[in-house]
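Asks: Next come a sequence and a model predicted from it.
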Amino acid sequence: MDFYNRLNYSLGNEDWSVEEQALRITSGNKILCVTASGDRPLHLLLSDCESVFSIDMNPIQNYLLELKIAALSLLDYEEYLAFLGCTESAHRIGTFTKIKSHLSSKAKIYWENHKKMIMKGIIYQGRVEKLTHFGAKFIYFVRRKEINTLLSFDDPKKQREYVSLKWDTKWWRKFFDIFLNPLLMKIILNDPGVISFLDPSIKPGQYIYQRMLKYLQHYPAKKSALIQLVLTGKVLEDAYFPYLTFSGYTKIRSNIHKLTFQTGNIIEYIHQIEPNQFDCFSMSDIASYMPQHDFEKLLQGIVHSANSSARFCIRKFMSNHAVPDAISPYFDRDSQLEQHLENEESNFVYRFMVGKIKK
Ligand SMILES: C[S@@+](CC[C@H](N)C(=O)[O-])C[C@H]1O[C@@H](n2cnc3c(N)ncnc32)[C@H](O)[C@@H]1O
């Protein structure tokens with residue numbers, strides 16, 4: 001099945017607190033972002049922005065955003081968590097029937113044809129989440145005791161000792177090398193963001209393992225949704241994203257009218273619109289999904305559609321596109337903030353391009 005014709009992401013893996021520090025959103029700001037799991041556009045509504053416009057080339061990601069918006073707008077908090085799959089429920093289809101009239105006809109038809117995903121709890125039905133869930137079953141079976149111990153720490157110092165004495169073992173490192181081998185990932189995941197535009201110097205297993213290890217030196221494992229997902233297949237309350245917390249649900253619900261979205265190629269969109277439209281660009285790791293020349297077009301489009309001093313946050317997963325000399329003067333990067341965010345991001349796989357547009 002074509003990557004842009006299936007549900008790839010149902011749970012985000014990017015910290016809102018990190019995005020917030022990068023974008024420094026103020027009231028009246030107009031924001032452009034990528035939809036993916038929908039978590040990003042929802043989290044941007046935690047700010048005092050004027051508007052959020054979200055784009056994704058994959059219509060199904062926007063159908064998921066529609067479903068999350070309907071659930072958040074129409075259900076009380078407990079029913080909302082149960083419908084999404086955070087808590088147990090045998091009534092998700094009944095709930096879907098109750099909210100489906102608020103979906104676009106295309107989204108309604110899609111979810112009518114994929115009721116099984118709704119029944120199981122939509123936030124774990126993305127291809128990435130299903131694969132991590134499957135992998136976690138094996139990992140938890142093999143390392144249950146160690147995983148429960150690792151997820152029990154509140155004190156990073158005690159966790160650090162445990163990681164060096166018990167957690168970080170030769171076979172565990174080897175496991176990452178084997179399981180994240182590019183050939184195997186091409187067969188089982190087939191996600192362009194992971195395999196197509198990889199920096200040749202990056203070995204995925206080592207890259208992800210070393211970054212996880214670095215994170216575990218300073219922050220509790222239980223606070224990382226990505227670590228919880230990889231090790232247990234679920235995200236538990238300690239690592240709930242803000243839109244899954246009561247305070248987040250309440251604030252986002254009050255701002256939901258500020259969010260609009262569209263299916264399309266973001267590069268074409270930002271070149272087509274009038275100049276000086278946006279104050280913030282929340283681009284996720286979209287660079288991982290394109291070759292160098294499209295990355296350059298993305299940067300040119302950001303400069304074209306940005307207001308002067310607009311803020312940008314571009315994440316780098318395992319790609320490493322260069323910013324050409326002709327374009328770099330427009331991107332006033334904050335390398336100190338980039339390093340700080342790279343260390344703080346609990347979904348530890350990203351490097352950052354952060355700063356403001358100079359034009
Ligand atoms: C940026 S990542 C998102 C994954 C991310 N880590 C998260 O937490 O949600 C991938 C998303 O970008 C979308 N995408 C990739 N290239 C695109 C493009 N040129 N225009 C619009 N959307 C694009 C993909 O369809 C996918 O949903």
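Replies: Done, it's in.

Asks: contacts and neighbour counts: CA atoms only from here.
Replies: Fine.

Asks: the strands in this structure, which residues?
Replies: Chain-ordered strands for the chain, with DSSP state E as the definition, fall at 30-34, 51-56, 259-263, 278-282, 306-316, 331-333, 351-357.

Asks: wait, S27 sits on L45?
Replies: No - with the criterion set as CA atoms under 8 Å, S27 and L45 do not qualify as a contacting pair; they are 11.1 Å apart.

Asks: okay, these two: which has more neighbours?
Replies: A direct count of neighbours by other CA atoms under 10 Å for S27 and L45 places L45 higher, at 24 against 10.

Asks: low-scoring stretches of the protein, by residue?
Replies: Counting by pLDDT under 70, the low-confidence segments of the chain come to 1.

Asks: Contact residues of it facing the ligand?
Replies: Residues of the chain found near the ligand, taking CA under 6 Å from any ligand atom as the criterion, are 4, 12-14, 36-37, 55-58, 61, 264-267, 284-286, 289.

Asks: buried subset of these?
Replies: Buried positions within those, assessed by neighbour count (16 or more other CA atoms under 10 Å), are 12-14, 36-37, 55-58, 61, 266-267, 284-286, 289.

Asks: What about the residues of the chain next to the ligand, which are in helices?
Replies: When DSSP state H is applied, these are split such that 61, 266-267 fall in helices.

Asks: what's the closest of the residues you listed to the ligand?
Replies: Within these, proximity to the ligand (CA to the nearest ligand atom) peaks at I266, which comes in at 3.9 Å.

Asks: That closest one: what's it in contact with?
Replies: Contacts of I266 were listed using CA atoms under 8 Å, 6 or more residues apart in numbering, and they are 34, 55-57, 298.

Asks: Now do the lengthiest helix in the chain: everything it contacts.
Replies: As assigned by DSSP H, the longest helix anywhere in the chain is helix 127-150. Contacts with helix 127-150, where a contact means CA under 8 Å, 6+ apart, come from 7-11, 123-124, 159, 162-163, 166-167, 189, 221-222, 229-234.

Asks: do you know how far the residue of the chain most remote from its centre is from the ligand?
Replies: In terms of distance from the mean C-alpha position of the chain, L165 ranks first, at 31.6 Å (CA atoms, centre = their mean). Distance of L165 to the ligand, computed by CA to the nearest ligand atom, to the nearest Å: 31 Å.

Asks: V303 too?
Replies: Counting by CA to the nearest ligand atom, the gap from V303 to the ligand is 16 Å.

Asks: Check H257 too.
Replies: When CA to the nearest ligand atom is the yardstick, H257 and the ligand sit 21 Å from each other.

Asks: for that residue, what are its contacts?
Replies: Applying CA under 8 Å, 6+ apart, no residues contact H257.

Asks: Tell me how far it lies from Y243.
Replies: Here the criterion is CA to CA, to the nearest Å. By it, H257 lies 16 Å from Y243.

Asks: same thing with E344?
Replies: If you go by CA to CA, the gap between E344 and Y243 works out to 20 Å.
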